[in-house]
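Colleague: here's a sequence, model it:
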Amino acid sequence: MNEFMMFSLVPLTIAIIISMTCALLGNFLVLRRQSLIGDAISHVALPGIVVSFLITGTLASLAMMLGAGVAALVTVALIELIRRLGRVEGTAAMGVVFTSLFAVGVLLLEWHGAAGVHLDVEHALYGNLESLIWFEGVGLGALFDPVALADLPPQLGRAAWVGLVVVIFVVIMRRPLVLASFDPDFAASMRTRPALVDLMLVTLVAVAAIAAFEAVGSIIVIAMFICPAAAARLMTNRLGVQIVWSQVFALLAAVGGYLLAGEAPRWLGFDTSLSAAGMIASLAGLILLAACLFGPCRARTGAAHQD
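Modeller: Numbering: from 1, shown residues only. Coordinates of the predicted model:
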């Protein structure tokens, strides 16, 4: 128990929170056919986060979000510049800018050599769940010890706050979100401001991606946004039930992936472990594959129903 409290409790809790938070937002991305927004945001956020760290020397949430926000503005300007000067399609300009900025972020990481401060290429891309150790977590008593609780990795608090904000947003904005997801024109006629709802949704996707950055990296988080939500979409035609399914799949992927990362190699006779974030994403993909093969709504012919 002491070993689990110290080495696994915090990483597993963070993985569960991030996975379920991303899946909750992912439901609306999938319904809007905007699944790649999470991909785009994660690519754009990396160079902003790196530059923010180089300037401030800190990985504080506010600094990372400001850096990612500036990177997003630069991205929009570059896309428009390439589209106008090069006379290419907007999607082609987006592809060029996203990949180029992501490559710049990777090069900046390698050039700066920030491995000693927990910001290097491997951790930026694939996450670093395993390093989030709670050194004061010795025994169940630590859960009630203010001194021990003060030593909790800050990533846990960030993930928890972001998860809470996302839940509050979905609860309060449920009706405008549903209307804008199924029929934006009708939503506009009902004066629910679908453009503002879209902006708020994309902003929260960006915040969730940034909160997940230190734990699961800027690549693995894409699977957390899409796989549970897409699998849930194949299970039902009702949005409320779909959200429940997505949370179940996200929980299974987080818990199962984390445990398999440490135990599966030992079952095969290897004295090593795998990337927890990588295994979580892999299991999420397998859940989606199973839903594609056996989901009751995989041959859907009609539109989903609102609850």
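Colleague: low-confidence ranges in the stretch 201-307 of the chain?
Modeller: 214, 298-307 (pLDDT under 70).
Colleague: again, only this time at 90
Modeller: 201-224, 237-240, 258-279, 281, 294-307 (pLDDT under 90).
Colleague: which parts of it are helices?
Modeller: Taking DSSP state H, counting those that start in this stretch to define them, one finds helices in the stretch 201-307 of the chain at 239-267, 276-294.
Colleague: so what does the first one touch, helix or strand wise?
Modeller: Translated: helix 239-267. Secondary-structure packing of helix 239-267 (3 or more CB pairs under 8 Å, 6 or more residues apart in numbering; DSSP states H and E): helix 9-31, helix 194-233, helix 276-294. The C-beta positions use only the backbone N, C-alpha and C, and glycine is treated the same way.
Colleague: spatially nearest residue to T75 (excluding sequence neighbours)?
Modeller: Leaving aside its sequence neighbours, T75 sits nearest to V44 (CB to CB, 6 or more residues apart in numbering; 4.9 Å).
Colleague: could you do I243 as well?
Modeller: Leaving aside its chain neighbours, I243 sits nearest to N27 (5.5 Å; criterion: CB to CB, 6+ apart).
Colleague: looking at that neighbour now. What's its pLDDT?
Modeller: Here the pLDDT value assigned to N27 is 92.
Colleague: enumerate every residue touching it.
Modeller: The contact partners of N27, by CB atoms under 8 Å, 6 or more residues apart in numbering, come to 229, 232-233, 239, 242-243, 246.
Colleague: T272 now?
Modeller: Residues in contact with T272 (CB under 8 Å, 6+ apart) are P265.
Colleague: could you report the distance from it to Q155?
Modeller: Applying CB to CB, to the nearest Å, the value for T272 to Q155 is 24 Å.
Colleague: next one: V166
Modeller: From V166 to Q155 the distance is 16 Å (CB to CB).
Colleague: who has more neighbours, these two?
Modeller: Q155 (24 against 21; other CB atoms under 10 Å).
Colleague: what distance do you get for S131 to A276?
Modeller: The gap separating S131 from A276 is 10 Å, by CB to CB.
Colleague: which one of those two has more residues nearby?
Modeller: Neighbours per residue, other CB under 10 Å: of S131 and A276, the larger number sits with A276, 28 against 13.
Colleague: mind listing what that one touches?
Modeller: Applying CB under 8 Å, 6+ apart, the residues contacting A276 are 11, 15, 127, 129-130, 257-258, 261-262.
Colleague: and which of those residues is nearest to P296?
Modeller: P296 lies nearest to G257 out of these, by CB to CB, at 24.7 Å.
Colleague: contacts only, for the closest one.
Modeller: Shown in contact with G257 (CB under 8 Å, 6+ apart): 15, 276, 279-284.
Colleague: on that earlier part again, hang on, the residue nearest to T75 packs against L101?
Modeller: Yes. With contact defined as CB atoms under 8 Å, V44 and L101 form a contacting pair (5.8 Å).
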